[in-house]
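Colleague: just a sequence and a predicted model for now, questions to come.
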Amino acid sequence: MKRLLDAAAACMLLAFASAWSAAPPSIDLRDDPRLLRCPAEPAGTLKATGAAMLAESGTAYQAGFDPLAWHGSLRKRRISFDAGHAALQPAEWDAADLLAAIEPEARRIYTSDERNATIPFDWEHLTASQKSMLNTSPVTGGTDGLGALRLQYLRGDRRLEQGEANGQFPRRQKLLGAIVNSTPVFAGPPSSAVLEPGYQDFYRQYRQRAAAVFVGADEGMLHAFDADSGRELFAYVPRALLPALAQLTRPQPAHRAYVDGAIRIAEARIGGEWRSVLVAAMRGGAQGVFALDVTDAGRFGEGAGVVWEFTDADDPQMGNVIGAPAVAKLYIGMRKGVPGYRYFAFVAAGLDNDVDDGSGRFDPSGANALFLLALDKPPAEKWKAGSNYYKFVLPAGEAGSANGLSEPALLVDGDGVARHVYAGDLQGNLWRFDFTGAAPWKAAMGAGRPQPLFTARDEHGRRQPITAKPALVFAPGGYLLLFGTGRLLESRDLADAGTQSIYAVRDEPDKRGDTADRRQLDRRSADMRADGSVEIRGNPIPHGADGKGWYLDLPQAGERVLSAADILGHFAYFDTLRPSADPCRPAAGRSYVVDTLSGLPPDNIVTGIPFDPAGDDGPIALPLETGGLAPRGASGKRKPAMQRIRVADSDAKAGPDKGATDNPPAIQTMTAGRLSWRELVDWDGMRK
């Protein structure tokens, strides 16, 4: 009997081991390559991580962090333009310095309770469970009764830091936490281009509102700063992060991600009123997203405040969201003969939703999903699938290979209604979701088992990860989806020397065909020139040809695409990165410009130009100075000249091997103004 039991136990153990080995590996976001620091860098060195650059005002809001002290920086810097070149000037202010001048009690910091009500982040207003979280020792896990002091410390009370008379918490150089992956977002007056009922009243009311800059930081807060003065307007502590806040008071705290994800701000109709809504991912901080009403950032606590939070506690297939959510309206069906629409946040589930982080909070299958989260959900209403949120589940993919859905791209019609959504994943699949029908959109992924629109593989059949959002452009009979492959999510990705590619894949939404692969695409070849640029060759594609698209293998080992393409006119710009596994050696970058339809570079334009990622703060597109508007043609068209130039960081130290950064900008002609005349014979019938 004992032998039988031993044999059965052995079989169970073998089955368990097999299941364990087949489980997809997780992505360790704690091992973010951006956090690597060169020991030779002096203390106080700031790493720039992202910027909101405004061509109209010639201003940049540049974020960064100190990789030794783990504090953050948000600097306002002017952009100087000179003979086709742009450079960031010394900072006018740093929000991290300005925070030090605010008394902790005067700061407007908020969180939310279990009913999504906006409450001040102070001891009096926290719920009993939230107080219990802050009363928990980060060392022993037991109750230590220091919750009220911890909260004061988190609000910025420097008297509680070690070295002060009654200090017991870690000493900080600055109050603003490290800003690693949360790129600043600028929000000015609402757009004036929306033509929907009630919107013009909303626009007139808020067209003079003060501009704000929003960014997340790793002291647990999303911050709103006045874009002119740098003064903090408010800060929000997501409820999902409250259990981890005590870790910031460990005697020697290690860096941890908190509000570390991408942000999207858009206007949406909520409960019959127009509002400006911010939706933010928490990336490595927590598995989920949150939404805030930021219609008037200066009066956040007096308005609607928190819209909702959605985490893996609400649905176990929610993971660590690595891309920005999207916001748009969907057609939900007819109501009394009138089309009904509803605004949603479109959120890709992201990474690691199969990691065991508590009962009911993970999906061991590893299947990914696209979520639609209704922005008009009443704050106190519970999340309910098929009612106030919808999800569209994708297959788990190949066992033993990490997966995760990346940032979605929306195809919207002339009325601003999302019709199709596209998103890639870490296994190289490009997915399409069809929302042309009414809720609950049962045909969104087609009939039967969902099939990808395309799967990216290199010439040896190895899957190529897609982490960037696709860009959509019109093509005869449909659309082209342009995207690059590659990933840089954890340190082991630094050593990946595999070939990555740029793709343009054709889709005709009305015709669901077979899954395409690279053998059906037109190949473009790339060769390195002596000056460091790239020569791209390939057969021309006749206009209107019924091809599947094109592809270009990047010429250097380890070169990859980590951001969405910029579309300027009928040209696409891709920036690539070739990282170094040694934090003391510079990474390399390259900028490609190609015709969207053909994949070939425009005439007389040098492509594949190297640039210096350390001394460069990204590209900016702006019209050339012409002394006025471009002249109209006979049909009313204008053709203004646009240029896309890279902005150099005047603080960066240039090195001999940093690459060529002084190449002339690519100048493109765009069509604007009235495009053509059209006679509408039956205007009233068309309108109806």
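Modeller: That came through, no problem.
Colleague: what about the stretch 101-250 of the chain, any weak spots by pLDDT?
Modeller: Under the criterion pLDDT under 70, no range of the stretch 101-250 of the chain is flagged.
Colleague: can you give me the helices in it?
Modeller: 128-134, 147-155, 199-206 (DSSP state H, counting those that start in this stretch).
Colleague: deepest-packed of those, please.
Modeller: The highest average neighbour count among the helices of the stretch 101-250 of the chain, using mean count of other C-beta atoms under 10 Å, belongs to helix 147-155 at a mean of 20. All C-beta atoms are positioned from the backbone trio N, CA, C, and that covers glycine.
Colleague: give the next helix or strand downstream of whichever helix or strand Lys329 is part of.
Modeller: Using DSSP states H and E, Lys329 sits within strand 326-335. Sequence order places strand 338-348 as the next helix or strand after strand 326-335, per DSSP H and E.
Colleague: tell me the buried residues in that next one?
Modeller: Tyr341, Arg342, Tyr343, Phe344, Ala345, Phe346, Val347, Ala348 (16 or more other C-beta atoms under 10 Å).
Colleague: against which helices or strands is the strand holding Lys329 packed?
Modeller: Where contact means 3 or more C-beta pairs under 8 Å, 6 or more residues apart in numbering; DSSP states H and E, strand 326-335 is packed against strand 263-270, strand 338-348, strand 409-412, strand 418-424.
Colleague: rewinding a little: Gly360: which of the helices of the stretch 101-250 of the chain is closest?
Modeller: For Gly360, the closest of these is helix 128-134, at 17.5 Å, according to C-beta to C-beta.
Colleague: name the helices or strands packed onto that closest one?
Modeller: On a contact count with 3+ C-beta pairs under 8 Å, 6+ apart, helix 128-134 meets helix 147-155.
Colleague: still on that earlier bit, could you tell me the angle between the strand holding Lys329 and strand 338-348?
Modeller: Taking axes from the mean of the first three to the mean of the last three C-alpha atoms, to 10 degrees, one finds strand 326-335 and strand 338-348 inclined to each other by 150 degrees.
Colleague: buried residues in strand 326-335?
Modeller: Buried-residue list, strand 326-335, by 16+ other C-beta under 10 Å: Ala326, Val327, Ala328, Lys329, Leu330, Tyr331, Ile332.
Colleague: chain center to it: distance?
Modeller: 23 Å (C-alpha atoms, centre = their mean, to the nearest Å).
Colleague: domain assignment for the chain?
Modeller: Following automatic domain parsing, one finds the domains of the chain at 32-263, 480-688.
Colleague: reformat the ones you listed as CSV; add distance to Thr455.
Modeller: Shown next, in CSV, are the domains of the chain (distance: least, C-beta to C-beta, whole Å):
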stretch, distance to Thr455
domain 32-263, 25
domain 480-688, 6
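Colleague: what lies in contact with the strand holding Lys329?
Modeller: 264, 266, 268-269, 277, 279, 339-346, 372, 375, 407-410, 412, 416-418, 421, 435-439, 441 (C-beta atoms under 8 Å, 6 or more residues apart in numbering).
Colleague: mind jotting down where the helices sit in the protein?
Modeller: Listed in chain order, the helices of the chain (DSSP state H) span 2-22, 95-99, 128-134, 147-155, 199-206, 683-687.
Colleague: shaky segments in the stretch 551-688 of the chain?
Modeller: Across the stretch 551-688 of the chain (using pLDDT under 70), the flagged ranges come out as 623-641, 651-688.
Colleague: please redo it, this time with the cut-off set to 50
Modeller: The model of the stretch 551-688 of the chain has pLDDT under 50 over residues 626-629, 653-666, 672-688.
Colleague: on that earlier part again, if you average the pLDDT over the strand holding Lys329, what comes out?
Modeller: In this model, strand 326-335 has an average pLDDT of 95.
Colleague: now stretch 359-379
Modeller: Computed over stretch 359-379, the average pLDDT equals 93.
Colleague: distance between the ends of it?
Modeller: For stretch 359-379, the separation between the terminal residues is 25 Å (C-alpha to C-alpha, to the nearest Å).
Colleague: could you do stretch 257-276 as well?
Modeller: End-to-end distance for stretch 257-276: 27 Å, by C-alpha to C-alpha.
Colleague: before we move on, what about stretch 563-580?
Modeller: End-to-end for stretch 563-580, by C-alpha to C-alpha: 18 Å.
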